[in-house]
Each structure stands twice: as C-alpha cells, then as structure tokens.
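In: the following comprises the amino acid sequence and a computationally predicted model.
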2 protein chains.
Amino acid sequence: MSLTPSSAASSVVHILQQAKAASHRLAMLSADQKNQALETLAHLLIEQMDALLAENAKDLAAQEGQISASLYQRLKLDAGKLTQLAQGVKDVAQLPDPVGRVLQRTLLDDGLVLEKQSVPLGVIGIIFESRPDVIPQILSLILKSGNAVVFKGGSEAAHSNRAMMWLVQEMNARLPWLPVGWASLLESREAVGEMLQYPQYVDLVIPRGSNQLVQSIMAATRIPVLGHADGVCHLYVHPSAKVEAAIPVILDAKCQYPAACNALETLLVDVAMAQRLLPAFAQAAEVAQLQLKGCERTRRILPQLEAATEADWRTEYGEKVLSIRLVDGLSAAVEHINEYGSHHTDVILAEEAAAIDAFVASVDSACVFANASNRFADGFRFGFGAEIGISTAKTHARGPVGLEGLVIYKYIVKGSGQVVADYVGAAPARQFLHQPLPCAPAVPCGTS
Amino acid sequence: MSLTPSSAASSVVHILQQAKAASHRLAMLSADQKNQALETLAHLLIEQMDALLAENAKDLAAQEGQISASLYQRLKLDAGKLTQLAQGVKDVAQLPDPVGRVLQRTLLDDGLVLEKQSVPLGVIGIIFESRPDVIPQILSLILKSGNAVVFKGGSEAAHSNRAMMWLVQEMNARLPWLPVGWASLLESREAVGEMLQYPQYVDLVIPRGSNQLVQSIMAATRIPVLGHADGVCHLYVHPSAKVEAAIPVILDAKCQYPAACNALETLLVDVAMAQRLLPAFAQAAEVAQLQLKGCERTRRILPQLEAATEADWRTEYGEKVLSIRLVDGLSAAVEHINEYGSHHTDVILAEEAAAIDAFVASVDSACVFANASNRFADGFRFGFGAEIGISTAKTHARGPVGLEGLVIYKYIVKGSGQVVADYVGAAPARQFLHQPLPCAPAVPCGTS
C-alpha cells in the first residue's frame, strides 16, 4: 500500500464537502453491507499488521525519550493490540443496526401514515491525541451507524495514523460501493480550526483527549460537541450507610484507575457519619497509598491531613489524591455536587431508600448511583456493546454514549395526495385520526 | 397585581443562577403538582383578563401606525385569544408527563440495576418577537416538562409581557411549592446577549421569530439552539406522478399559508414530466394568483415566466411566489434539495414505490414526505399535542418538536456495594449479566 493521505491533496473544505456527499450514500447502505465493511477492516488490521507496525515504529523512534512512559505505551502498537482491535471491530458488526429503526408510527388519517425513523447524523469530526488505535475503533462505530468521518490525530502518531488510513483506501478498493471520502485524515492544527468553522458540513465533533483539548474545541466551534471537559465526581456517605461496606466502594471509586474521568475526586461525608467513618477510612487510605486532603472540619478529626482549599473542590486530580468535605445533611451534599461538580457521575452510599431517592432525583448529573462505585459509569459496563465517549452535555446524548449517539431521526409521511386545507378552518372537511400504529421493522428481520 | 419585573431588580447572572436553582426543584415536582400549576395558570388568564387587556392596550396604542397590520394583529390580545390560550394550557395538562419515564432497565449483575430515566433539561431561554401569547404557551410546556425558563420578548410588547409575568408572580403566591425564579423576563438586548454567554446556566435556547433573529442567536452562543433559520422547502414531481393529483398538492404546499416555514419555495419537475405538468400547472397558478419564476428549461415551456436565478434556489419567499426548476431524474432532484435546501421539509409526488423509497432515504431533511403537502410538517398535525418549534438541527431534536425536546435522561444505578475491581482483569471475580429488564413505570399509574 502507498501513502497518499487525503489531506495532502485536498483543501479542508473539499474534504468536508466530499464527506458530506459520502454521508448521503452511507445512509443508504444495508446492514449487511456495513457489516461486510467491518469484516474487511478487521481482516486488514491482521493482514497489514507488518506495515502498520513498521509505520508505528517510526513514530516510536521519533518520540523515544521525548514523551512520558505512559504516553509512549499509548502510542505503541503491537500484535496483541492489533488482534484485539480486529476483534473489537468484529464485535461491533454483531451489534444491532442503529439505523432504519422505526421509533414511532401514527395513522394521521386514512392513507396518511407518519413514521419516525432513525437515520445517521451525517459527518462526525474526531479530534484525538496520541493513541493511533482510536482510528479503527472509531471507524467501526462510524461505519455501523452509517456516518462519514474526518479525523485529526496527534502529530506524534502521524506515521501510524496515515498507515491506518491506508486501510480505508484498501477498503474502498475492495468494496467499490463504499463512497469516496467517507473517512479522511486532517494533519494540521490549522486544518482542524478550519473544520470547526463548518457546521453546514460537520454534524458532530467528538474530542478525545485531555481536558484542555476538549475545552479548546468547545470554545472554538458552534458544531455540537459530544464529550466532557472534566470529571469532578463525588461520593456522599449518608448517615444510614454502613461503614464497613462504604470503605471498599470509596477506595474502588478513587484508586481502581485514578486517571479515568469517572474516578472519584471529592468525598462528601455527612457530619453525622464523620466520627464513625473517617478514622477507619484514613487507615485504609494509608494502606492504599492514597493521599487525603480535608476541609477544616475533617481536619478536626484527622489533623494529619493537608488542608483542602476552595480550588480543590473543582480539581480533577487524576491520581491517588482525594479531597474530603464534611456536609450538613443530604441537601448540603446535593448543593455541593450541583455547584462544584462536572455533572458526570455522583454516588450516594446509604441504606435509607428515601435518602437514595432524594439524592437520585436532585443531583443533576449524567450518572447518579447508589451503593456502587463511580467507576461503573462506562458504556461497556452498562452493556451498550460500544462506547463513543461520555457526555456531560444536557442535549442529544448524556452519560456513556453508545451507537445511538451517532444517529438522529427523520419524519416520513406517506400519503395519497392529501392537502392541509382539508384539515383546517371552522368546518374542516377531514379530521386527523392520530392513531398509534405498531412499529413494524423498517428492515427485514435478521439483517440487523 | 403590581408590576415588579424580575429583571428590573436583578442582574442577568443572578436571574440565571436563580433559574438554575429553581430547575433542580422543578425536576422533583410530581405530575399532579405540575398539572395543578397549569390549571392555576389557565384560571389566571381568565381571572386577570381585564388587567392583561389593559396592559396590551398600552402596547397597541404605542405601536399604532408604526407597524404593519399583520404585526399589529399578532401583538393584539382579546377575550377570544385569552380564552383559547387558557384552553391550550389546560390541554397541555392532559398530556402524559414527559419526566420520570423509564426508557431502559438492565440487570448489570445480581443486586446491581441500571435505569435510564427521562429528566428535565434544566433552564430554557426563549427569545421571541411581538406575540405576547408566546409567554403562556411556553410557560405551559416548560412547566409540564419540569424546566425553568428565562424569556426575552420584543420591546413593542413590553407592557403585555410584563402583565403575563404578573401571572407567574401570582402562581408563586398561590402555590408556595413553586420555586422562586422559575420563570423570568429579560427586557433588554444587552441582557439577552449576556444570557447567551452562560452555557453553565442555560441548557437550551429557543428563538421564535424571523430568520434574522434565529441566525443572530445561533451565531452568538455556544448554548444548543432549537429552531430553524429558514425553510427553503421543495416538492419534486417524479415521472410516475399523476398530473391531476399533483396540482392541488403543489398549490396547497405553496398557497395554504405562504408565510409558514414549511411552505413550498421551489418546485422541482422531472424533465420527463415537464410537458405534461407545466402548462396545466401554470393555468392553475394563475387562478390561484401565484407568481411563478422558472429556470431556463422551464421557460422554454412557459416563456411568460420571469427567470429564476441562482439566488432563487436559496430564497424563502414567504409569499405567493414559487420558483420552478427542471431536473434530470430523481438523483438530480435529491442533489438539488440536499445542496440548496434547509433540511426542513421536502416532498416527492410519485406512484412508483421504488422512487418514493429512494427519495425518502436520500433526502437529508427533518421531514420527507411522499404524496402529501409540505404543510403537514407540524407538531399538532403529527399528533404530538404540543409543539415547541421545528428544528433543522441534526442533534437532540429534529423536525416538529413536542415535549420530548425539553427533556433528556440520566442513568441511575442502584447497587449493594459493588466495586469495579471485581469485574476487571484476567480472571475477574464476577461477570456482568447485562440482562434487559421490563421498564416498570417510575411514577404510579394514573398520575401521568
């Protein structure tokens, strides 16, 4: 395969226009065609393994000693990762087709039927950092949902990303019904800035990377953005909680993977619970090598702690550091969460059902849990089979987002020559029936 | 009642913060409480009729001779309009509660249940022009869906709008559980500009008014906007259509109410249909006093027509003017629509099922109809019982939007102390079940 990245040859506008045109053709592919494309991608990830690893080696050589060990690990591809990626693509093929679902059917009048049907969004812009495995993962979700995609990857993975795009060229060569330009790669910061100025071509932007990346994208565009800038997540221990049960959940929420966006940052302890919980928790934290910071009242019980300041309540540590604040009851906990949180994932530990219900109803977050670790907030753990990302937006898609975040719907009316004039005025000739109809499958059984 | 508009006393930020706090309390109201608030509003519209009409008279006196007859009619309230408004508010009370619906339930593991539940969006900003009846209409939808609202009305209706806000004050006086600041009115252009800068307080903006208003709002904010800047709608006559059936549908689509956003602007006629359709249609158009403009090929058949230019294909006339373009087949029609249209409402007239299916699948618009007038694109005609507006966005809500456009969802997990560490790693202690559960109602039967 040869290297001809699409962005080298074309202007950004041309790439976006081509993606938009391709999206209209992708919307018409059958479930079988889309699954065939996924199988081809999975096959190519294995077939072209040597070429992919050779290109990845160039990126690794250029970055060696320049980046942290963890970034280097994210940048590195190997046979195991590629095999896993191929399996992930095949798994997406097994999911039900999110497109062509009949969401609602109504008999408006005799011979006049309204249908609400799921359709792809159109063109998705994906902006990501060092991990080149993002491309095949996203390609699989994008294809399954019938969308076109424009990527912008990090420059440190330039060779790896271009190699991944060879697979797209090869897919088009093997599957002539795949439209030209359905997946492209932008390579400069200026190009992505230009893309963000075209809401008429790009329907959704998904930034995957640091808080800073996501915030800069959100500030720079009118295109809807799916994602979260930060994850300041809370766990509130209600007086009805059991101390022995609480400690393992708090430790899991914070320490199981502290860099995750759904990891705990601030522990809110009810004053009525503090004397029972805090000394035992401080001991467990020491064993877990977890650093604690506390509000003034917390430090009266645990004087050895560093003081937490106002800034701590808004900080996503991303490492084994946890701030603790004492709160005067459930309402105060909810107020703290709604004020300082990221509306991402917040937890109550309680045995009282009324307390759980009040917390769940009043915390304004995408995920609100009772008696389970914050770390369960994840598309795979929720059973979605795929995750596009986690959204803290209030519109379109919220929380862990599966394939349904990449589709919208259109309203289809099929009639027999009806005119509105017959249904309006003081004595209309006809009246609407508005009779709900069963949602018959829009696609033949077995194809989705 | 006395006049103390909230914006006179408070800064915009304070109003928005109060609305956000109120939204958290509104989210916890029962269906019965919300319906009681709606009944109170309906009652006040009748009880306070004289006061409302007296304030409206001040606006009318100030605008007399300054504005067009149609704007004057929109500004004017009368006993009939207020009675209709009160009935409309009562009708909304009869609709099912859009909040608290269980959209999905999954057994993640023994004692660990995931539930996806509909919740209010939060705070909605409504920016509208001269019609003061927007306030009670929107108040009813906002209340029903458990949201808070901040209005900005046109200055020409200032007295009427303030009078409508008296009703809100009176509702709070009569229903003490209604939170303070759940509905406010901004009165200056600067105030609305400021509101648009606060995505952390305002979750959705709905502009209701001219294309220019909507475009200026969309350009000025990162808050999601529900609406449409324009409605360049099409109707394509396929060769399989029946001429006699086509003409009344075209005339209805254009002439039944030409100022509507779903009215027809461009008629696309298949070249294979042109000789049969155009002379007969031109005669019918003359009778209907409809002015036609045509492309060059149209004018070879109808030489009397004014020439349509490139600009016409992007023009929403809003009056009895229609542009006609001949197209070479269905694909050319679809390309024209996807290129020049507003993705609002587009129609095919055809008898061939394959042509209808291809059109419906490939036209990228919120509403795509076959053999029915464009004018059916409307929430009430679709049977939604209410309409917030019509959206041409691709995310969240598309087409005519009912109450469901004012809600989103949250994910609720109820567990018994589960930790993620038990479910990960090479030999996990536990495996997810991911077993779908029936969606039991979240609210007792009969309350929604």
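Out: Yes, it's here.

In: residue ranges with poor pLDDT in chain A?
Out: Regions of chain A meeting the criterion pLDDT under 70 cover residues A:1-9, A:440-448.

In: point to the residue nearest the middle of it.
Out: Centrality entry for chain A: nearest residue to the mean C-alpha point is A:Gly389, 1.0 Å, by C-alpha atoms, centre = their mean.

In: how much space between that one and chain B?
Out: A:Gly389 sits 14 Å away from chain B, going by C-beta to the nearest C-beta, to the nearest Å. Where C-beta positions appear, they are placed from N, C-alpha and C, glycine not excepted.

In: roughly how far does that residue sit from A:Asn147?
Out: A:Gly389 sits 14 Å away from A:Asn147, taking C-beta to C-beta, to the nearest Å as the criterion.

In: likewise A:Gln94?
Out: On the measure of C-beta to C-beta, A:Gln94 and A:Asn147 end up 19 Å apart.

In: who has more neighbours out of these two?
Out: In this view A:Gln94 and A:Asn147 are compared by other C-beta atoms under 10 Å in any protein chain shown, and A:Asn147 has more residues nearby, 26 against 10.

In: write out the residues of the stretch 151-300 of chain A neighbouring chain B.
Out: For the stretch 151-300 of chain A, the residues in contact with chain B under the definition C-beta under 8 Å from any C-beta of the partner chain are A:Asp203, A:Leu204, A:Met218, A:Ala219, A:Arg222, A:Pro224, A:Ala245, A:Pro248, A:Val249, A:Leu251, A:Asp252, A:Gln256.

In: may I see the ChimeraX selection of the buried members of those?
Out: Applied in ChimeraX, the following selects the buried portion of these according to 16 or more other C-beta atoms under 10 Å in any protein chain shown:
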select /A:203,204,218,222,224,248,249,251,252,256
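
In: A:Val269 touches A:Arg297, doesn't it?
Out: No. Using C-beta atoms under 8 Å, A:Val269 is not in contact with A:Arg297, being 9.2 Å away.

In: hey, what's in contact with both of these two?
Out: Overlap of the contact sets of A:Val269 and A:Arg297 (by C-beta atoms under 8 Å, 6 or more residues apart in numbering or on different chains) consists of A:Leu326.

In: the two: which has the busier surroundings?
Out: For A:Val269 versus A:Arg297, neighbours defined as other C-beta under 10 Å are more numerous around A:Val269 (31 against 15).

In: quick check: the more buried one is in a strand.
Out: Yes. The secondary structure assignment for A:Val269 places it in a strand, going by DSSP: H, G, I helix; E, B strand; the rest coil.

In: list the contacts of it.
Out: Residues touching A:Val269, when contacts are defined by C-beta under 8 Å, 6+ apart, comprise A:Tyr236, A:Val237, A:Leu277, A:Leu278, A:Thr298, A:Ile324, A:Arg325, A:Leu326, A:Val327.

In: of those residues, which is the most crowded?
Out: Most crowded among the contacts of A:Val269, counting by other C-beta under 10 Å, is A:Val237 at 30 neighbours.

In: that residue bridge partners, please.
Out: Beta-bridge pairing for A:Val237 (DSSP bridges): A:Val269, A:Leu349.

In: surely it meets A:Leu277?
Out: Yes. A:Val237 sits in contact with A:Leu277 when judged by C-beta under 8 Å, with a separation of 5.9 Å.

In: I am finished for the moment; much appreciated.
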